[in-house]
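**Student:** only the shape, not the letters, is given here:
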């Protein structure tokens, strides 16, 4: 076996976004090598840890187009309505799409099924080589291309390197891409609840000054994913509560709207922060997903921003290769930069603003927020705009996000 592998693109990171990008590129005839330090057994771990993702309707169309949804559709649950409220006032704003014509706002899927399904879709794609339990020991870039020396002694050569490793992306740091970041001093507690009443495919988001409390409908009607944001000083005490005490606190936030509740999986938690790179490209380098931007989960757009990156980059590269251009061509990377740079900045800024707005304590601030929410509820064009944002339908959409192949 040769010690040197060749492909058009190298993707560092076999997470959700990296595997979706690899599969999309392969469908368009672009060859890909995916490298990830995690062992294959970890990626395929079927252990239920309570984590789930809200996949927007446009991201779901992309998954359908690249042939991935068949691997996890049986485990998905539609989000047919979103109810937004504030402390002491539920249902101030309701997003109810035309289900017959437009379909649901998105789909809820446990992360284990998404992770395994997208990994298998990448592995099954002609032109994709997946190298697990491996990492980039060194990277060289110049006008001729990219050369990645792997920890196992092999070398991978390509025209473009894509960083999809997440928030602590070594590729971003290696490329010298400046990043703005700050800490919200909040912690998101994530888990799964079993509840007495049927959720009727409704997602609930309740805003408290300490942070949002979200319930997202999972398959079966009597399970909901929980994303509960608390101040970082309060997180250790909350996470150390007994199950009975924790569910009692959750019931207070829920106001009993889903009946009796129990924990269906161990809780996990992670600190919340913001980061955004000034640029998402450099010489023969492009960033996708959290490598380029990390936002507060207040609007549930994190992973969907990454899928939008993948759809745009796939379209740019596939069309460029068909024209005979090098995948690392500066013009192609600039097109990707222009396409995604503004959208990610606007979404990141909006979620940061919402986080700060809803964190202001006091009755005057609460009255102002309720007035604003009420205006959105009453003004149809404004409401339609926010619903389109929830679906990921704003701006110039890549073909994959409309369900079309490139």
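**Tutor:** Nice, I can see it. Because the structure is a prediction, the values reported are computed rather than measured. Numbers count the residues shown, from 1 in each chain.
**Student:** mind checking which helix or strand residue 206 is in?
**Tutor:** Using DSSP states H and E, residue 206 sits in strand 202-208.
**Student:** hang on, I meant residue 184
**Tutor:** Assignment of secondary structure by DSSP H and E places residue 184 within strand 179-195.
**Student:** same deal with residue 318?
**Tutor:** Assigned by DSSP H and E, residue 318 falls within helix 302-322.
**Student:** pull the number of nearby residues for residue 38.
**Tutor:** Neighbour count for residue 38, taken as other C-beta atoms under 10 Å: 15. (C-beta placed from N, C-alpha, C; glycine too.)
**Student:** ok, the nearest residue in space to it that is not next to it in sequence to residue 287 distance?
**Tutor:** Among residues not flanking residue 38 along the chain, residue 132 sits closest, at 6.4 Å (C-beta to C-beta, 6 or more residues apart in numbering). Distance, residue 132 to residue 287, by C-beta to C-beta, to the nearest Å: 21 Å.
**Student:** what do you get for residue 9?
**Tutor:** Distance, residue 9 to residue 287, by C-beta to C-beta: 13 Å.
**Student:** the strand holding residue 184 pairs with which strands, parallel or anti?
**Tutor:** Applying DSSP bridges, strand 179-195 is found paired with strand 223-231 (antiparallel), strand 261-263 (antiparallel), strand 268-277 (antiparallel).
**Student:** which one of those lies closest to residue 35?
**Tutor:** Comparison of the strands paired with strand 179-195 against residue 35 by C-beta to C-beta identifies strand 268-277 as nearest, at 21.0 Å.
**Student:** continuing past the closest one, what's the next helix or strand?
**Tutor:** Helices and strands here follow DSSP H and E; after strand 268-277, the next one along the chain is strand 281-282.
**Student:** which secondary structure elements does that following strand contact?
**Tutor:** Where contact means 3 or more C-beta pairs under 8 Å, 6 or more residues apart in numbering; DSSP states H and E, strand 281-282 is packed against helix 330-358.
**Student:** quick one: the strand holding residue 206 to strand 223-231, angle?
**Tutor:** Between strand 202-208 and strand 223-231, the angle comes out at 10 degrees (axes from the mean of the first three to the mean of the last three C-alpha atoms, to 10 degrees).
**Student:** find the centremost residue of this protein, please.
**Tutor:** Geometric centre of the chain, nearest residue: residue 303, 0.5 Å, by C-alpha atoms, centre = their mean.
**Student:** gap between it and residue 115?
**Tutor:** 11 Å.
**Student:** residue 293 too?
**Tutor:** Going from residue 293 to residue 115 by C-beta to C-beta gives 21 Å.
**Student:** neighbour count for the two, which is higher?
**Tutor:** A direct count of neighbours by other C-beta under 10 Å for residue 293 and residue 115 places residue 293 higher, at 26 against 23.
**Student:** which strand residues bridge the more buried one?
**Tutor:** Counting by DSSP bridges, residue 293 is bridged to residue 276.
**Student:** make 802 the first number, not 1, from now on.
**Tutor:** All right, first residue 802 from here; so that's residue 1094.
**Student:** next, the buried residues of stretch 1139-1149.
**Tutor:** 1140, 1141, 1142, 1144, 1145, 1148, 1149 (16 or more other C-beta atoms under 10 Å).
**Student:** ah, wrong one, I meant stretch 927-934
**Tutor:** Neighbour-count burial for stretch 927-934, counted by 16+ other C-beta under 10 Å, picks out 928, 929, 930, 931, 932, 933.
**Student:** of these, closest to residue 1118?
**Tutor:** Distance to residue 1118 across the buried residues of stretch 927-934 (C-beta to C-beta) is lowest for residue 928, with 12.6 Å.
**Student:** thought the closest one was touching residue 832?
**Tutor:** Yes: Residue 928 lies in contact with residue 832 (C-beta atoms under 8 Å); the separation is 4.3 Å.
**Student:** who touches both of these two?
**Tutor:** Contact criterion C-beta atoms under 8 Å, 6 or more residues apart in numbering; residues shared by residue 928 and residue 832: 808, 826.
**Student:** direction included, what does the strand holding residue 1007 pair against?
**Tutor:** Applying DSSP bridges to the sheet, strand 1003-1009 is found paired with strand 882-887 (parallel), strand 1012-1018 (antiparallel).
**Student:** contacts for the last one?
**Tutor:** Counting contacts by C-beta under 8 Å, 6+ apart, the residues outside strand 1012-1018 that touch it are 853, 855, 878-880, 909, 987, 989, 994, 1000-1008, 1025-1032, 1054-1055, 1059, 1098-1099, 1101, 1159-1160.
**Student:** all set now, cheers.
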